[in-house]
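Asker: Got a predicted structure here, sequence first:
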Amino acid sequence: MTTFADLGLSQKVLSAVTDAGYTIPTPIQAGAIPPALQRRDILGIAQTGTGKTASFVLPMLTLLEKGRARARMPRTLILEPTRELAAQVAENFEKYGRNHKLNVALLIGGVSFDEQDRKLERGADVLICTPGRLLDHCERGKLLMTGVEILVIDEADRMLDMGFIPDIERIAKMIPFTRQTLFFSATMPPEIQKLADRFLQNPERIEVAKPSSTALTVTQRLVACHNKDYEKRAKLRELIGTQSELKNGIIFCNRKKDVADLYRSLERHGFSVGALHGDMDQRSRTNMLAGFKDNQITLLVASDVAARGLDIPDVSHVFNFDVPIHAEDYVHRIGRTGRAGRSGAAFTLVTRSDTKFLDAIEKLIGQTIEWHDGDISALPAPAESHDESRGKRGRDKGRERRGGHKSDTRSEYVKPVEASVEPVKAAEEVQVMEAIKVEPVATERKTDKRRDQNPRNNRNNPYPANDDNRDRRRNRHHDHDDGPTPVGFGDDIPAFMLIVAAAKA
DNA sequence: AAAAAAC
């Protein structure tokens, strides 16, 4: 059997790998590391969770042992689609590079340039970047790409989805043709193949798992639900309550606003919860993810920023609060659980209007997903005018045939209004929603005496930093509207508020 | 019907 010792890695790297507790490489590592060490180009087709990151980090560390970095001339460059993934790769360099004295610089947006500039000035052996911030540094003339020996393009298919390919091409043009290129993608659509053909020279191709396969260790279930947000939230809470095996879970929403709303709702209902989406300030993003990884937070409400690649080893549950619009996202989302051979559970709330997306998902994964407790036809017909379907018992005939077993979660819909506690909860939820509507960040800033009393406001603001853009615009038009300097945040003043405050000074 | 990424 192949071990890490057989792959040609240096002693320093091997000992770090051993210390981390690994002896047997994953297939992508066994396939990619030897040719990478021989300076071959690599085309790696692998999902995240296959050990892909180590398959380029380990050979890079070995190769970097020869030579030294010069100021502003990085020796290697890794491109990642999201800030979290970039940070995760940086952690891998720390972990496996503990016997090396390498300068690793993480160049991502949302944080200050100062420290990044300092690291570049010192000379970086490894540059780990999101494309926007890298180009920003280049334009500021802080960076010479002519010394880059190894270029890693990670998650290429996702870069394509996100429209990063032109940026990637600009960056690649600045790097000498003699470089070694390691190119990874979970899938190989024609555009990606074309890109790979242009970027790679005679690559070693390693394909490890069929794209769009879902781990067998993940139990997948569908949960029929009405389309109203408060009903979905009630259903989700109920579902969470029945999961005795739940250690922690990620709850995916399609929209950033819904991430913020659901986060607040769950928090109000006493859940240990965090939020993660791309319009939150970077500090909150980092804190929330760290809290979830440390088990300080049980539930993480997230947008698809967390769907791919995030390596959180022990997630027991994934909940799709919304059915993802793109079927591949389903595969990526539920791939956050059932990792490393562990078992996992994935529940997807499905409303009537989601059925076409659901069909696409089942087609993609090549299997039908079981309903958790009665399929979508078990729900009453949608109300024509107002949501009074609960009262319209005449419509409920179709459900009777499936009714009747224990602790039936559908009972809340079957029972007449007066026999169920659910409508009371629902009414309360409406108030929660109203509360959300009348409490946008901008309003809170002006009446921020209340902030002090609300511990939620002291850290980890899950509200879109977009709102600050709106604030800034608004402030431009109403110059008289110069509210007080933000108070009550302690050391955790969101970055955007500092910008507003600075603009005034 | 969305999200992600630079200021």
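Answerer: Cool, the structure landed.

Asker: What residues does the stretch 51-200 of chain A have near DNA strand B?
Answerer: The stretch 51-200 of chain A comes close to DNA strand B at residues A:81-84, A:108-111, A:130-136, A:139, A:161-164, as judged by CB under 7 Å from any atom of the strand. Every C-beta, even on glycine, is put in place using the N, C-alpha and C of the backbone.

Asker: Keep only those of the residues you listed that are in helices.
Answerer: A:83, A:84, A:131, A:132, A:133, A:134, A:135, A:136, A:139, A:161 (DSSP state H).

Asker: so who does residue A:360 touch?
Answerer: Residues in contact with residue A:360 (CB atoms under 8 Å, 6 or more residues apart in numbering) are residue A:327.

Asker: how about it, secondary structure?
Answerer: Look at residue A:360: counting by DSSP: H, G, I helix; E, B strand; the rest coil, its state is helix.

Asker: mind checking how far it is from residue A:118?
Answerer: As for residue A:360, its distance to residue A:118 is 48 Å (criterion: CB to CB, to the nearest Å).

Asker: again with residue A:181
Answerer: With distances taken as CB to CB, residue A:181 is found 28 Å from residue A:118.

Asker: which one of these two has more residues nearby?
Answerer: Set side by side, residue A:181 and residue A:118 show more neighbours around residue A:181, with 20 against 10, by other CB atoms under 10 Å.

Asker: For the more buried one, list the residues it contacts.
Answerer: So residue A:181 contacts A:41, A:42, A:150, A:151, A:152, A:153, A:199, A:200, A:201, A:203 (CB under 8 Å, 6+ apart).

Asker: Could you work out the most separated pair of those?
Answerer: Across the contacts of residue A:181, the longest distance by CB to CB is 15.2 Å; it joins A:152 and A:201.

Asker: So if I had to pick from these two, which one is more boxed in?
Answerer: Neighbours per residue (other CB under 10 Å) separate residue A:152 from residue A:201, with residue A:152 holding more: 25 against 12.

Asker: Listing partners with orientation, what would you give for the one helix or strand the more buried one maps to?
Answerer: Under the criterion of DSSP states H and E, residue A:152 resides in strand A:150-153. If you go by DSSP bridges, strand A:150-153 pairs up with strand A:76-79 (parallel), strand A:180-185 (parallel).

Asker: Distance from the last one to the middle of the chain?
Answerer: Per CA atoms, centre = their mean, to the nearest Å, the displacement of strand A:180-185 from the mean C-alpha position of its chain is 22 Å.

Asker: Same question for that strand: list its buried residues.
Answerer: Under the neighbour-count criterion of 16 or more other CB atoms under 10 Å, strand A:180-185 has A:180, A:181, A:182, A:183, A:184, A:185 buried.

Asker: Over that strand, what's the mean pLDDT, rounded is fine.
Answerer: For strand A:180-185, mean pLDDT is 96.

Asker: Can you tell me which of the buried residues of strand A:180-185 is nearest DNA strand B?
Answerer: When those are compared for distance to DNA strand B (CB to the nearest atom of the strand), residue A:185 wins out at 15.6 Å.

Asker: can you give me phi and psi for residue A:43?
Answerer: Dihedral angles phi and psi of residue A:43 (degrees, to the nearest 10) take the values phi -110, psi 100.

Asker: which residues touch it?
Answerer: Residue A:43 neighbours (CB under 8 Å, 6+ apart): A:183, A:196, A:200, A:203, A:204, A:205, A:206.

Asker: just residue A:128 next, same as before
Answerer: A:78, A:80, A:86, A:89, A:90, A:93, A:104, A:105, A:106, A:107.

Asker: what helix or strand is it on?
Answerer: For residue A:128, the host element (DSSP H and E) is strand A:126-129.

Asker: still on that earlier bit, ok, the contacts of residue A:43 vs DNA strand B, which is closest?
Answerer: The shortest approach to DNA strand B among these belongs to residue A:183, at 19.0 Å (CB to the nearest atom of the strand).

Asker: Isn't that closest one up against residue A:41?
Answerer: Yes - using CB atoms under 8 Å, residue A:183 makes contact with residue A:41 at a distance of 7.3 Å.
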